[in-house]
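Enquirer: Sequence plus the predicted model coming up.
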Amino acid sequence: MLKYSLPIADSPDVFCVNKIICIGRNYAEHAREMGHDPDREPPFFFFKPQSALAQNGEDFHYPDFSQQVEHELELVVAINKSGTKIPAADAADFVFGFAVGLDMTCRDIQKEAKKLGRPWELAKGFDGSAPCTAIQRGTLHDLEQCGELVLTRNGNEVQRGNWRDMVWSIPELIAEVSRYIKLEAGDLIFTGTPAGVGPVQIGDELIARLEGFSQTLKLRVTE
Ligand code: MG
């Protein structure tokens, strides 16, 4: 397997991962729980390095520089070709498929960064902070067949949300990101988390799924 790649479901091929783009505050309930006005502010995004990528089933190593690591359950969109300034009406052509991922976040470090007006990379871009399932090829129409995103921690449901409740839809996100940054084959867009973010601890088992979707993300939190 190539260094930064994800399996493609039902295929011997792999999806070579290029950049990892993460959308912030894309569900009103989550914006509220983080203390923000849920009004439709323009989407904002940040990046994780490729080295943040972790394969399904790989242990998540709790970073020793944080006391408050939290899970953010997210639908991931895989991009199939290059484009800039993509109109939302054309965005569907740029979708390779989907995955379920976790935007693991050092909340204590993020809070400190917000306070100091510093970037979020230390809180968001550490090794293994982007665990992701295999990519299931599919269209936006195929995604319509899927239900809600669900995360369990040690068997208890801790996050549930409907991707249809995203403040900015997938075509709008593709249009907005590509206004500023070239999208390329291999890019992953983590589309934001619904409400219910919360802490993880060493020993936890996390299972993230999208109802009706072929791939389920499983990981164990270790030292
Ligand atoms: Mg997130």
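Expert: Alright, I've got the coordinates.

Enquirer: how about the helices of the chain, start to end?
Expert: Here the chain has its helices, by DSSP state H, at 28-33, 107-116, 121-124, 140-143, 170-180.

Enquirer: would JSON lines of the ones you listed with mean pLDDT be doable?
Expert: Shown next, in JSON lines, are the helices of the chain (pLDDT from 0 to 100):
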{"stretch": "helix 28-33", "mean pLDDT": "85"}
{"stretch": "helix 107-116", "mean pLDDT": "97"}
{"stretch": "helix 121-124", "mean pLDDT": "96"}
{"stretch": "helix 140-143", "mean pLDDT": "98"}
{"stretch": "helix 170-180", "mean pLDDT": "97"}
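
Enquirer: could you dump the ones you listed to TSV with distance to the ion and mean neighbour count?
Expert: In short, each C-beta sits where N, CA and C put it, glycine included. As requested, the helices of the chain are exported to TSV (distance: least, CB to the ion, whole Å; neighbours: other CB atoms under 10 Å):
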stretch	distance to the ion	mean neighbour count
helix 28-33	8	17
helix 107-116	10	14
helix 121-124	8	21
helix 140-143	19	14
helix 170-180	13	19
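
Enquirer: Identify whichever of the ones you listed lies nearest to residue 11.
Expert: helix 140-143 (15.2 Å; CB to CB).

Enquirer: Residue numbers of this protein in contact with the ion?
Expert: 72, 103, 193 (CB under 5 Å from the ion).

Enquirer: is it true that the last one touches residue 24?
Expert: No. At 9.2 Å, residue 193 does not count as touching residue 24 under the criterion of CB atoms under 8 Å.

Enquirer: Lovely, talk soon.
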